[in-house]
Every structure is written in C-alpha cells, then in structure tokens.
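Visitor: sharing a model that was predicted from the sequence below.
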Amino acid sequence: MSVTANTRAMLRDRAAAVLHGNDAGSWTKASPVLYPHQWSWDSAFIAIGWAHLDVQRAMTELEQLFAAQWATGMVPHLVFRAGPDHPYFPGPEWWDTSASPAAPAPPVKTTGICQPPVHALALQRIWQLTPEARQPEIRSRIQVLYPRMVNWHRYLATHRDPEASGLVTTFHPWEGTDNSPRWDRALERITVAKPGPYTRVDTSEVPDPSQRPTNWDYDRFLWLVEQLRKYRYDDAQIYREYPFLIKDVFFSAILIAANAALLDLADVAGAGDDDREQLTRWLDRGRAGLASRFDTQTGLCIDYDVRAGEDIRLRTFAGFAPLFARSADSGQRAAQLRLLDSEDFCGHPRLRWRLLPSASPAESGFQPHDYWRGPVWPVINWLLWEALNMLGCSARADEIRSDSLSQIAAGGIGEYFEPFTGKQLGSPQQSWTAAVTLDWTA
Ligand code: 2M8
C-alpha cells in the first residue's frame, strides 16, 4: 500500500530538517556524530537531496568534494573537514597522504581510497531539477565540473582497471560496503594483520556493537591502510604488491550508469567529440565486462578476487549489478527480476518490507543487525528503484519506493534497517537517507 500524501509531506519535512541539521555551509556531514566529515558517495546522494531544496547548494556540495580531487583524477572517499570537536577514527594522521605526490596540497586532508562514482547521477538529477531561471548559472557550473568528472571516470577506467576489462578493482572494504561478506575470504587470507595500536570511536557512538564491524575487521581494514601508505598510494605499485584487489561488480555497475549519465549531459556541458567518444568506449567496455561476470545458472553477477584468482559466489545486493548498471539485456533482466523477488531476496517470507537486503537471508554470513551483512540500506534501494524505472519496470520500482518510504516513516531517517522488523540501526539522522527520501517524495 502506498504512503498517504500526509505521510509524504511529513517525511519531506523531516528529511529536509536532517539535511539542514547536517549542513556545514558548503558541504554536508554524512551524519551528525558518527560521520562528521564529507564522504564521497554520501555527498553525491546528498546533492540529489539538496537539488530538491536548492540547486545552487546541490552544485556546491559536488564542487566542494571535487576540490579535493587527486592529481590522478581520484575523488577521495573522505575529505576531513570537521574540527577537533568531532572525533573520527581513523583520522588524517593514520592515512598520511602526504606520502603521495598526487594527493591535494595542505590544508586539504583526505583519505587515499575512493568510493562508487554516484556523482554523475547527482549532476544529472541537479540538471533535471534546475528551474529555467537558474539554467544559465547551473549550466556554466556544470561546464566547469564536467571535465573533472570525466577525469574521475578516467582514473577508474585506467588506474583501477589496468587490464582494460571494463571492471573496476577495489582496494579496500572502505571503498563502499565495509564488512560485506563479499570480502570475507580475501580478508581471511591476510595473516599479518595486526596494525599499530588504535582506539575505535565508532563503537562508543553506536550503542550496540553488533551493528558495526568487529575488531577483527578493523585490524584488517587498518592494516590494509598501512600497506597503501607504505606504497605511497601509488596505484601501479599497489597493483603489483598489495594483497587486496577485487573486481567489484557493484562499483563497476555504478561506473557504467555514471558514464551513461555523463553522455546524457554532454550537450549541456558542451563536451567535445573526444570526451563523447571516450565515454562511449568506457560504457561499451563496462557493459561487456559486467556481462562476462554474469552467471546464467544463478542469475547473479559475480565479483572476482584478482589476487586469489577466485570467483566470489555469494548472494548479496551486488549480484544485481546488471540492474544497477541499467544495462541488463532482456534475458539477464528477466533472470534478475525473478531472483530479486525469490525467497533468497525480496520474497523472503520473514522480510518486513519487500526491499533488497545487503545480503540474502539465505546466505551463511547473513546477520540481520550487522551493517553491510544483511540490513536494508535505503540508498541501495534508491539505486535499484532508479535503475528499474530506466529499464521500464516501473510497477516494481513504484513498490520499492513505496516500501522504502513506509520503512522510513516507521523507523526514522536512519542509516540502515533490520530487514525482519524494520528497526532503524546505526546512525540516526543519516544525510543520504534524508536525500533519497526527498527524491522519493518529490
Ligand atoms: C560507512 O563507512 C565508514 C568508513 O568509510 C565507516 O564505517 O566509518 C559506509 O557505509 C560507507 O559506505 C559510507 O560512505 C560511510 C558514511 O556514511 O559510512
């Protein structure tokens, strides 16, 4: 059943209040306490939220993030912006990106990894929502940002895909889905995993530690950062020597959707033929790469562990990469839609709402409270909703929007949700959840 007009209006007001509450002027905290800095893909979603309130502010969000872009084209996963009153671990000293000549000059402080490139989808939404009177200004701002986005995608298509496979290699679980069971085997292979002494801050901010990654995870996450730092964040050296290299089908799918979004904006941005041709080549290569990872038997797309030379055959949200890429052919689409509503995913009889959980309840690593190991993430369902609409599956897309809004109306503007009860988990007042709520209630 769809939410009432009153509920939508109430959600809209609450979501706007969360964005305003987390607004730091020209950038937005990912959440008030747990995530006090500017995160990369959070910012992209946040820009979509701002676009419904103020398109100029939405552009500023992206511009501020891209101001911290590395000379390689990489957009860092986190820009440290909050002052010392807002502790976050690991902070800039742990990353020490001054080791890399490609890192931005002080005072800008960032991490040395990246996150899925949702930014072009945000730019597209901003343009769609720009009122006529604002178009000249926003168009000229898009024209400045666009080449930086092309450069960002170039980084992913080259440094992160030296094999030219069309698939992006992720270097770290913090490049999106932290403790997803997708990384378990690769992390288990890391034997020398004790990093220097450290104190976590997150576990004192989220009262129930079972909703956060374990210390075992953190030992490995931090040890991997030490290795990246040792290689001075040099992608070529990392590729030769570092133990965690995974062809991530979800990340790759977002890049495909993002390349299509940049092509769609090419006229607005006044893009030249070179950029258009390059984007088309990346798009074709990405689609072919993703198609090569599709398993016709299970209907899932499969990550690949480059170091171990192993497929990662798990039932998680990432398996729906062909849908997220908005490029599934009709056979893949039919198989994926069947699987989506099967008992392994949205059709599981215990689910509170028919939404895509981060891992299948049928998967052995599934944990209903634990972060990326089972809970429902509104931003992931937003990506699915948008993809289904673009693939012509608007009835199923409408259900995802409506169930997501019901979940948020009942549970609050939380970070993630328990799939069986709908209980809000993690951080309250999460900016990107507010942002997709604004997009869903427009
Ligand atoms: C989570 O990750 C951060 C590290 O980047 C953390 O656990 O401290 C993830 O959900 C990530 O995808 C997200 O961007 C970030 C901020 O919301 O939080």
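Guide: Sure, I can see it. Numbering: from 1, shown residues only.
Visitor: please count neighbours and contacts with C-alpha atoms only from this point.
Guide: Fine.
Visitor: for Gly411, see how far away the residue of the chain found nearest the ligand is.
Guide: Going by C-alpha to the nearest ligand atom, the ligand is nearest to Gly176 of the chain, at 3.9 Å. Using C-alpha to C-alpha, to the nearest Å, one gets 23 Å for the distance from Gly176 to Gly411.
Visitor: what do you get for Asn381?
Guide: Distance from Asn381 to Gly411, counting by C-alpha to C-alpha: 16 Å.
Visitor: and these two? Which one has more around it.
Guide: Comparing Asn381 with Gly411 by other C-alpha atoms under 10 Å, the one with more neighbours is Asn381, at 23 against 18.
Visitor: near Asp96, how many other residues are there?
Guide: The burial count for Asp96: 18, using other C-alpha under 10 Å.
Visitor: quick one: contacts for the closest residue to it other than its chain neighbours?
Guide: The shortest distance from Asp96 to any non-neighbouring residue, by C-alpha to C-alpha, 6 or more residues apart in numbering, is to Arg229 (7.1 Å). Taking C-alpha atoms under 8 Å, 6 or more residues apart in numbering, we find Arg229 in contact with 95-97, 99.
Visitor: and what of Ala362?
Guide: Contacts of Ala362 (C-alpha under 8 Å, 6+ apart): 315, 344.
Visitor: coming back round to it: quick one: contacts for the residue of the chain closest to the ligand?
Guide: Gly176 makes contacts with 115-116, as judged by C-alpha under 8 Å, 6+ apart.
Visitor: check Thr203 too.
Guide: Residues in contact with Thr203 (C-alpha under 8 Å, 6+ apart) are 209, 212.
Visitor: likewise for Pro368?
Guide: 361, 374-375, 418-420.
Visitor: nearest to Tyr239 among those?
Guide: Proximity of these to Tyr239, judged by C-alpha to C-alpha, is greatest for Gly374, which lies at 30.4 Å.
Visitor: distance of Arg350 relative to Leu314?
Guide: The spacing between Arg350 and Leu314, counted by C-alpha to C-alpha, is 20 Å.
Visitor: between these two, who's got more neighbours?
Guide: Neighbour comparison, Arg350 and Leu314: the larger count goes to Leu314, with 19 against 13 (by other C-alpha under 10 Å).
Visitor: was I right about the more buried one contacting Glu363?
Guide: Yes. Counting by C-alpha atoms under 8 Å, Leu314 does reach Glu363; the two are 7.2 Å apart.
Visitor: list the contacts for Phe221?
Guide: Taking C-alpha under 8 Å, 6+ apart as the criterion, Phe221 is in contact with 172-174.
Visitor: pLDDT wise, what is the nearest residue to Thr199 once chain neighbours are set aside at?
Guide: Excluding the flanking residues, the one nearest Thr199 by C-alpha to C-alpha, 6+ apart is Phe89, at 7.7 Å. Per-residue confidence (pLDDT) for Phe89: 96.
Visitor: can you show me the helices along the stretch 1-150 of the chain?
Guide: Secondary structure of the stretch 1-150 of the chain (DSSP state H, counting those that start in this stretch): helices located at 5-22, 40-51, 55-66, 92-95, 119-129, 135-158.
Visitor: okay, buried residues for the lowest-mean-pLDDT helix or strand in the chain please.
Guide: Ranking every helix and strand in the chain by mean pLDDT, DSSP states H and E puts helix 202-205 at the bottom, with a mean of 91. By 16 or more other C-alpha atoms under 10 Å, the buried positions in helix 202-205 come out as 202-203.
Visitor: next: stretch 217-233.
Guide: Neighbour counts using 16+ other C-alpha under 10 Å place 217-229, 231-233 of stretch 217-233 among the buried residues.
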